[in-house]
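Engineer: Next one to model:
(chains A and B)
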Amino acid sequence: MKTLKYNEIMPRVAIEKLKLIEEEDLVDLVGRNLEAIRCALIETSYRDEILKLLPQETNSNSLEEAILENYAQTMKKLINFSSGNLKKLLLAFIRKIETSNIKSLLRAKKANINLDEAINNMIPIGFLTKDRCREILSKSKTIEDVMEHLFDTEYGDIIQNNMTEIKTANSLLPLELALDQVSYTGISKVIEKFKGLDKKIAKNVIGIEIDSINIKIILRGKAKRIPKEIIKKYLLPSFFIRKNTFLKGLETSDMNDLIVSLMSNNKFANNPFYRNIFSQILEKNYLSMGQIEHELEKASLRVSLSMQKKYLKYYNLSSVLVLLNLKRIEIKNLRCIIVGSKREVNSSEVKRFLILKNNN
Amino acid sequence: MSSDKMEVHPTRQELLKLKKRKSLAEGIADILQKDLETLIISLIEFRKKAHVARDRLYEKMDYAYSSFFKAEMKTGSITIKEISLSSPTVEFGIETNITKGVLGLPFSIFNLIKEDNLESRSRFDISETPVQLEEASSTIREAINFIVKLAELTAIIREILELISIKRRQINRIRFKIIPQLDATIKYVELILEEIERQDAIRVRVLQRKRKQRSAKTV
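Structural biologist: Okay, the predicted model is just below:
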């Protein structure tokens, strides 16, 4: 992608970045009640979505719905201002959201969750609009009915292929895994279309996100003593670290051994971003899975920020990916604060769960 | 407490029988008292065990709930609700066995039957769910062990309490009804026998006096 192609989107990215909530302001929200959080959010880019809520009907679900709505709007704006491969990449991200919306629909039906509550949890973007979701859920009596409504979509084949397994195993897991595989494969394919620096940035930033998930899967699987054959099924299609390298990692005994084993791979060891992040994890010697997962979640943001800093001179993909990561993390942090307030979780505990870019 | 006497023939033989019954009743009351003490000791022991199990249960539940809230904070409350309610359910069963406990009392022993392959699979999509949800789920499974143990101990404690109340009623009945009744009856029989003895003595004295008067007349 030529740098000229970024002329249109870069101002939008800059505007959206300015709209992000400052970390100090975000931390200030911790420990406040839902009404105070609602009032504080009115002063931010979430204003439009928050104002749609009636003050007396403000609850954690409606606030979560408002921030997800805002996320969808930001994505839509970025797509409108993008072109070429960047647009394709953003659309691939949208397909990832679509697959999680499909998962949400199926789970909501299986769990018999209230229609409004289920709709609130959707990120209203892609082919699954809120109205469509409402229509599907209200017309369907069983999961099979929901699946039949989705046969005519691009996910129809995957859903049909997994229908028998869902019926026999009474679990949505096989379909969920298949949908994940499809969405991440789609992202990988788009990344391969990029050239030069953009390709390098995309591979590093999105690669570390997928690799972090794969590391998390291996660690969790090993902790739960899940057989290797089953863990293999969970692994996402990684395009930076080969699946074989991860499979070797299955032989290791703990997190440190796993990272050492991964770092023995040349491709991994030669990448300064990967080396930097994973050697920091090794140095900190985390004890709990929760801490390690929290650190792995930050990896993608840290790589995108480093890339942006390194290639600041030119317009490139890193700024867009930084914005996407920052927005995603802001949504996560707001969700954390809202749920923490609803559940009256201790402020220090909530702060521990926030993903902050300055808190390395 | 009524101490009405029993309907008995006031004979010496009956008195002996009554005294024998009284000493038997006192013996039984002593044995029952010893049983009662044993039951109370074992009740205290089981109560201690139940207390420990309850504490551990609260500890586990506390941890499970806090992990669940953390999972909600990470992924959103509705998503966690959806994932939790749509994941495959974990089937548990309870096997009940009877074993002889204190004083040969039949105690119910509850054994938790879990699925064999429970640990070898993940109920949730690992890539999407935070580890805290897994932790909450596995801690709740551990908590179920304590719930079953607590149920077993509660059943045992209830059995012991029932037996204690039976024993206490039996002891009370013996001490405050049967023994006083026997005492009253014994007293009554003794009184009657004394009365009979007194009348007999008077009759003998009257007869002796009449015999003396008759012999004096003839002389």
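Engineer: CA only for contacts and neighbour counts going forward, please
Structural biologist: OK.
Engineer: Can you pull the residues of chain B lying near chain A?
Structural biologist: Within chain B, the residues that sit near chain A (Cα under 8 Å from any Cα of the partner chain) are B:69, B:72-79, B:82-83, B:85-88, B:119-127, B:130-132.
Engineer: Name the secondary structure element that contains residue B:188.
Structural biologist: helix B:179-218 (DSSP states H and E).
Engineer: In that helix, which residues are buried?
Structural biologist: For helix B:179-218, the buried set under the neighbour-count rule, 16 or more other Cα atoms under 10 Å in any protein chain shown, comprises B:179-186, B:188-190, B:192-193.
Engineer: before we move on, the earlier item: now that you've got the residues of chain B next to chain A, can you turn the buried subset into something I can paste into PyMOL?
Structural biologist: The buried residues among these can be selected in PyMOL (16+ other Cα under 10 Å) with this line:
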select buried, chain B and resi 69+72+73+74+75+76+77+78+79+82+83+85+86+87+88+122+123+124+125+126+127+130+131+132
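Engineer: how far off helix B:179-218 does the lengthiest helix in chain B point, in degrees?
Structural biologist: Counting residues, the longest helix found in chain B (DSSP state H) is helix B:12-75. Put simply, helix B:12-75 runs at 170 degrees to helix B:179-218, going by axes from the mean of the first three to the mean of the last three Cα atoms, to 10 degrees.
Engineer: for helix B:12-75, what is the average pLDDT?
Structural biologist: Mean per-residue pLDDT for helix B:12-75: 95.
Engineer: Which strands and helices lie in contact with it?
Structural biologist: helix A:317-342, helix B:77-86, helix B:131-173, helix B:179-218 (3 or more Cα pairs under 8 Å, 6 or more residues apart in numbering or on different chains; DSSP states H and E).
Engineer: Just give me how far the shortest one sits from the chain centre.
Structural biologist: Going by Cα atoms, centre = their mean, to the nearest Å, the spacing between the C-alpha centre of helix B:77-86 and its chain's C-alpha centre is 45 Å.
Engineer: other SSEs contacting it?
Structural biologist: Looks like helix B:77-86 contacts helix A:84-111, helix B:12-75 (3+ Cα pairs under 8 Å, 6+ apart).
Engineer: Please name the residues that touch residue A:307.
Structural biologist: Applying Cα atoms under 8 Å, 6 or more residues apart in numbering or on different chains, we find residue A:307 in contact with A:201, A:318.
Engineer: ok, now how distant is it from residue B:157?
Structural biologist: According to Cα to Cα, to the nearest Å, residue A:307 stands 67 Å off from residue B:157.
Engineer: Show the pLDDT at residue A:240.
Structural biologist: Looking at residue A:240, the pLDDT reads 67.
Engineer: In the stretch 151-300 of chain A, which residue sits closest to chain B?
Structural biologist: Residue nearest to chain B within the stretch 151-300 of chain A (Cα to the nearest Cα): residue A:226, separated by 4.5 Å.
Engineer: Just to check, that residue is in contact with residue B:126?
Structural biologist: No - taking contacts as Cα atoms under 8 Å, residue A:226 lies outside contact range of residue B:126: 11.4 Å.
Engineer: Run through the neighbouring helices and strands of the one helix or strand residue A:352 maps to.
Structural biologist: Using DSSP H and E, residue A:352 falls within helix A:347-353. Helices and strands touching helix A:347-353, as assessed by 3+ Cα pairs under 8 Å, 6+ apart, comprise helix A:317-342.
Engineer: what pLDDT, on average, does the helix it packs on get?
Structural biologist: The pLDDT scores in helix A:317-342 average 91.
Engineer: Report all helices and strands that that helix contacts.
Structural biologist: Judged by 3+ Cα pairs under 8 Å, 6+ apart, helix A:317-342 is in contact with helix A:9-19, helix A:23-29, helix A:34-42, helix A:60-81, helix A:196-223, helix A:289-310, helix A:347-353, helix B:12-75.
Engineer: Could you rerun that using 7 Å?
Structural biologist: If contacts are counted by 3 or more Cα pairs under 7 Å, 6 or more residues apart in numbering or on different chains; DSSP states H and E, helix A:317-342 sits against helix A:9-19, helix A:60-81, helix A:196-223, helix A:289-310, helix A:347-353, helix B:12-75.
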